[in-house]
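Q: Build me a model:
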Amino acid sequence: MSAKVEKIKAKSIPTFEALASGHRGCQGCGEVLAMRMALKAIGKDMIVVNATGCMEVITTPFPQTAWNVPWMHVAFENASAVGSGVVAALKVLQRKARLSGKDTKVVIVGGDGGTSDIGFQSLSGALERGHDFVYICFDNEAYMNTGIQRSSSTPVGAWTTTSPIGSCSDGKKNAKKDLVAIVADHGVPYVATATPAHHLDLMNKVKRAAHTPGPAFIHVFSPCPTGWKMPTSGAIDVCKLAVKTNMYPLFEIIDGKHVLGSINKKPLPVVEYLKIQGRFKHLSQSQVEGIQHDVDKRYEKLLRLASRESEHNLRQLH
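A: Numbering: from 1, shown residues only. A predicted model of the protein is given here:
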């Protein structure tokens, strides 16, 4: 069962910093901002397992580190397998009374490449086995660290260096993989979406995940000004537009039940989100209309899921 925990409020934001300010993130990086917030919500007693990616590279340029908690770098494909091993090791230490009184949380960190693509096999296995960890996917919608290549999380129509614009290509042809739904289908107790623009929502979801027994998964929308071809000051604005246009709804799946934080009754047109990013500047009017249709369809499905489960809960109460 998902846990109920005391909410973090503006006046009670934790002061502990798991991630020091001396990292080498790009100016305006939304991902490192989101990671700092997420880790503040968990506290000091954590071990971080970090898949290869931007967050690993910018925080640990040898011989330096920006980490104030135990941290380990692992390969793209095996972060969840290594995290599972750390969980098992902690159980052994607790059984031998060498960690008496401590509740050390294992936090696995990966980007969209290390989560939805290369690392998905080990993630799926770890979710199925039910290990007690928090997995946080910071999704910047491409392989940014290695040159802005497309991933399965890149949205349809987006420019990347491997989905270029030209006579034979109009950007990525395939729709973005619905990783949140796939993870939820494993039957895990807690899944949620979040953005760094909605900081209290993000931190409270991570805190709830950390207090939920078993595997919990947080999918964080993580703007990359460099790869998205937008101003370095635009990360927070693009997050807000993603939510207001329903490109990226904020919701939780608690013990299999969809819960919306709020219902967006008057969404902005999706073009407001697309037009501030250079990766979409080539799109035609008909392509934008197609994206709008898909966004509306996905949001209607989400509303149906949340409504159906709310009605079921009311029937159970009566």
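Q: For Ile8, give me phi and psi.
A: Per-residue torsions, Ile8: phi -80, psi 130 (degrees, to the nearest 10).
Q: Kindly provide the distance from it to His199.
A: Using C-beta to C-beta, to the nearest Å, Ile8 is found at 9 Å from His199. Yep, even glycine has a C-beta here, placed from its N, CA and C like the rest.
Q: Contacts only, for the nearest residue to Met247 once chain neighbours are set aside.
A: Nearest non-adjacent residue to Met247, counting by C-beta to C-beta, 6 or more residues apart in numbering: Tyr273, 5.2 Å away. Shown in contact with Tyr273 (C-beta atoms under 8 Å, 6 or more residues apart in numbering): Val238, Leu241, Ala242, Lys244, Thr245, Met247.
Q: Which secondary structure state does the last one sit in?
A: For Met247, the secondary-structure state derived from DSSP: H, G, I helix; E, B strand; the rest coil is coil.
Q: Val107 should be in a strand, yeah?
A: Yes. Assignment of Val107 by three-state DSSP places it within a strand.
Q: quick revisit: then the residue nearest to Met247 would be within a helix, right?
A: Yes. Counting by three-state DSSP, Tyr273 is part of a helix.
Q: Give me the pLDDT for it.
A: As summarised for this prediction, Tyr273 has a pLDDT of 98.
Q: Buried residues, whichever strand or helix holds Lys297. List them.
A: Using DSSP states H and E, Lys297 falls within helix 285-317. The neighbour-count check on helix 285-317 (16 or more other C-beta atoms under 10 Å) flags Gln287, Val288, Ile291, Gln292, Asp294, Val295, Arg298, Tyr299, Leu302, Leu305, Ala306, Glu309 as buried.
Q: Over to stretch 38-57?
A: Under the neighbour-count criterion of 16+ other C-beta under 10 Å, stretch 38-57 has 38-42, 46-57 buried.
Q: Can you flag which of those belong to strands?
A: In strands, defined here by DSSP state E, the members of the buried residues of stretch 38-57 are Met46, Ile47, Val48, Val49, Asn50, Ala51.
Q: Now render those residues as a markdown table, adding distance to Ala181 and pLDDT.
A: Compiled in a markdown table, these are given as follows (distance: C-beta to C-beta, whole Å; pLDDT from 0 to 100):
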| residue | distance to Ala181 | pLDDT |
| --- | --- | --- |
| Met46 | 27 | 96 |
| Ile47 | 29 | 97 |
| Val48 | 26 | 98 |
| Val49 | 24 | 98 |
| Asn50 | 25 | 98 |
| Ala51 | 21 | 97 |
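Q: can you pull out the helices in the stretch 51-200 of the chain?
A: 54-59, 79-95, 112, 120-129, 179-184, 199-210 (DSSP state H, counting those that start in this stretch).
Q: closest to Lys173 out of those helices?
A: Nearest to Lys173, of all these, is helix 112, at 17.4 Å by C-beta to C-beta.
Q: Give me the below-cutoff pLDDT ranges for the protein.
A: 1-3, 309-318 (pLDDT under 70).
Q: What about the residue lying closest to Gly278 once chain neighbours are set aside, how many residues nearby?
A: With C-beta to C-beta, 6+ apart as the criterion, Gly278 has its nearest non-adjacent residue at 2.6 Å, and that residue is Lys229. By other C-beta atoms under 10 Å, the residues close to Lys229 number 16.
Q: What residues does Lys229 make contact with?
A: Per C-beta under 8 Å, 6+ apart, neighbours of Lys229: Trp159, Gln277, Gly278, Arg279, Lys281.
Q: next one: Lys207
A: Lys207 neighbours (C-beta under 8 Å, 6+ apart): Val5, Lys7, Ile8, Ala41, Ile42.
Q: Does the fourth one touch Met203 like I think?
A: Yes. With the criterion set as C-beta atoms under 8 Å, Ala41 and Met203 qualify as a contacting pair; they are 3.9 Å apart.
Q: which neighbours do these two share?
A: The contact sets of Ala41 and Met203 overlap at Ile8 (C-beta under 8 Å, 6+ apart).
Q: circling back: which secondary structure elements does the helix holding Lys297 sit against?
A: strand 257-260, helix 271-274 (3 or more C-beta pairs under 8 Å, 6 or more residues apart in numbering; DSSP states H and E).
Q: how far is it from where the chain is centred?
A: Relative to the centre of its chain, helix 285-317 is centred 20 Å away, using C-alpha atoms, centre = their mean, to the nearest Å.
Q: All set now, cheers.
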